[in-house]
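[1] missing the sequence, but the structure's below:
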């Protein structure tokens, strides 16, 4: 596979829409029908984050093959770290202010609430490993750094063939702790770089490393595999959430992070996209792919503010949580609001799209009149 893969570039922004859908939770709690719609959207959207991990692993393998792995690894860690810091700079003051407002509204000690928030925000494990110290949404970035680190470690000792088998082993433990809890109680957190990110990033790495090069002649086969995987994914999640528990959609929405079907959907879809690299080349979607990471790091703050506004309206007697109009509004508002703020930050030279997201003196001087 050589040249630009337009299909994957396009899928980045499409997947980002699905990430926003996961976090805005559309129509959940509106009614049994609303919960059904949410279940369908949640299940369809769950490929999104694994797709980002897998694409990252695939292109990591390409760069490792074409350049010095050590130099490229350090460059990527620096870039991802800058994006993570940018996300923290955005979310920390917003969430801090929200904590103060909530404490005052609910009659708790504002100072005590702020102290608790800050202490949790600077917890080393949460900040540097789990990525959930300020917003749980930002976990993807530290997880990707650690996934890269694990992969680079095996490459460094010249054992790349061990990467995927070991990653699969850890991911199986992660699945037991996330979706198949009826079999075993996993007594530690598993949504992190080791149990989830490592597997999906390794899966993408393995596609290139083992020269899995889908061709246009195999396109229909991979499309059929994707359709079958999607069907299995829906059936699997419905069985886990409803058939085995006796629950109905009136009781709520079953929305675990990942299951076996998630991996099948992500892999088959990724291979289908590789078999059709020019898909969407004549549209504007590929050029939007570069903005996906920006929407990702900005949208926790935008979502937090909008949800806070919704809670404020509820306190004023205007209940929006059960409103279909509110649910129709929230997802596009979060997505396009985040995109707008990201583009504004770039235009003001605070960050550099496609480069470092750490404010530099050179860029900040451009803000001066």
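    All right, it came through fine. Just so it is clear, the model here is predicted, and its values are computed rather than measured. Numbering: from 1, shown residues only.

[2] tell me where the stretch 201-350 of the chain has helices.
    For the stretch 201-350 of the chain, helices defined by DSSP state H, counting those that start in this stretch occupy the ranges 219-238, 260-275, 285-288, 292-315, 324-347.

[3] I'd like these as CSV, with mean pLDDT, mean neighbour count and distance to residue 122 appended.
    In short, each C-beta sits where N, CA and C put it, glycine included. Converted to CSV, the helices of the stretch 201-350 of the chain look like this (pLDDT from 0 to 100; neighbours: other C-beta atoms under 10 Å; distance: least, C-beta to C-beta, whole Å):
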stretch, mean pLDDT, mean neighbour count, distance to residue 122
helix 219-238, 97, 16, 36
helix 260-275, 97, 23, 33
helix 285-288, 94, 17, 35
helix 292-315, 93, 20, 18
helix 324-347, 95, 17, 24
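
[4] so which of the ones you listed is nearest residue 111?
    Among the helices of the stretch 201-350 of the chain, helix 292-315 comes nearest to residue 111, with 20.2 Å by C-beta to C-beta.

[5] save the helices of the stretch 201-350 of the chain as a markdown table, and put in distance to residue 250 too.
    Formatted as a markdown table, those follow (distance: least, C-beta to C-beta, whole Å):
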| stretch | distance to residue 250 |
| --- | --- |
| helix 219-238 | 15 |
| helix 260-275 | 24 |
| helix 285-288 | 38 |
| helix 292-315 | 23 |
| helix 324-347 | 17 |
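
[6] which one of those helices lies nearest to residue 93?
    Closest to residue 93 of those, according to C-beta to C-beta: helix 292-315, at 8.7 Å.

[7] residue 115 is nearest to which of the helices of the stretch 201-350 of the chain?
    Of those, nearest to residue 115 by C-beta to C-beta is helix 292-315, at 19.9 Å.

[8] tilt between that closest one and helix 324-347?
    Relative orientation of helix 292-315 and helix 324-347, computed by axes from the mean of the first three to the mean of the last three C-alpha atoms, to 10 degrees: 140 degrees.

[9] show me what helix 292-315 is packed against.
    The elements that helix 292-315 packs onto, with contact taken as 3 or more C-beta pairs under 8 Å, 6 or more residues apart in numbering; DSSP states H and E, are helix 6-24, helix 69-106, helix 324-347.

[10] turn those helices into JSON lines, including distance to residue 246.
    Shown next, in JSON lines, are these (distance: least, C-beta to C-beta, whole Å):
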{"stretch": "helix 6-24", "distance to residue 246": "26"}
{"stretch": "helix 69-106", "distance to residue 246": "35"}
{"stretch": "helix 324-347", "distance to residue 246": "27"}
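
[11] that older thread, and residue 173, which of the helices of the stretch 201-350 of the chain is closest to it?
    Nearest to residue 173 among the helices of the stretch 201-350 of the chain is helix 260-275; the distance by C-beta to C-beta comes to 13.5 Å.

[12] who touches the closest one?
    Helix 260-275 has contacts (C-beta atoms under 8 Å, 6 or more residues apart in numbering) with 1, 5, 7-8, 11, 46-47, 50-51, 54-55, 58, 171, 175, 199-200, 203-204, 207, 212-216, 218-219, 222-223, 225-226, 228-230, 232-237, 279.

[13] rerun that using 7 Å as the cut-off
    The contact list for helix 260-275 (C-beta atoms under 7 Å, 6 or more residues apart in numbering) reads 1, 5, 7-8, 11, 46-47, 50-51, 54, 175, 200, 203, 207, 214-216, 218-219, 222-223, 225-226, 229-230, 232-233, 236-237, 279.

[14] centroid-nearest residue for this protein?
    For the chain, the residue nearest the mean C-alpha position is residue 49 (3.9 Å; C-alpha atoms, centre = their mean).

[15] my read: it touches residue 20, true?
    No. The criterion here is C-beta atoms under 7 Å, and residue 49 misses it with residue 20 at 11.7 Å.

[16] roughly how far does the closest residue to residue 17 other than its chain neighbours sit from residue 7?
    Spatial nearest neighbour of residue 17, excluding adjacent residues (C-beta to C-beta, 6 or more residues apart in numbering): residue 335 at 6.1 Å. Residue 335 sits at a distance of 21 Å from residue 7 (criterion: C-beta to C-beta, to the nearest Å).

[17] residue 30: how many residues sit nearby?
    Each residue near residue 30 was counted by other C-beta atoms under 10 Å, and the total is 17.

[18] how about the one 5 residues further on?
    Taking other C-beta under 10 Å as the neighbour definition, residue 35 ends up with a count of 21.

[19] contacts only, for the residue nearest to the centre of the chain.
    Residue 49 is in contact with 19, 140, counting by C-beta under 7 Å, 6+ apart.

[20] what score does it have for pLDDT?
    pLDDT, residue 49: 97.

[21] and if you look at residue 183?
    Per-residue pLDDT puts residue 183 at 81.

[22] against residue 185, how distant is the residue nearest to it when sequence neighbours are not counted?
    Of all residues not flanking residue 183 in the chain, residue 176 sits nearest, at 6.0 Å (C-beta to C-beta, 6+ apart). Distance, residue 176 to residue 185, using C-beta to C-beta: 9 Å.

[23] without its sequence neighbours, what residue ends up closest to residue 286?
    Leaving aside its sequence neighbours, residue 286 sits nearest to residue 9 (C-beta to C-beta, 6+ apart; 3.9 Å).

[24] what about the one you found, how many neighbours?
    22.
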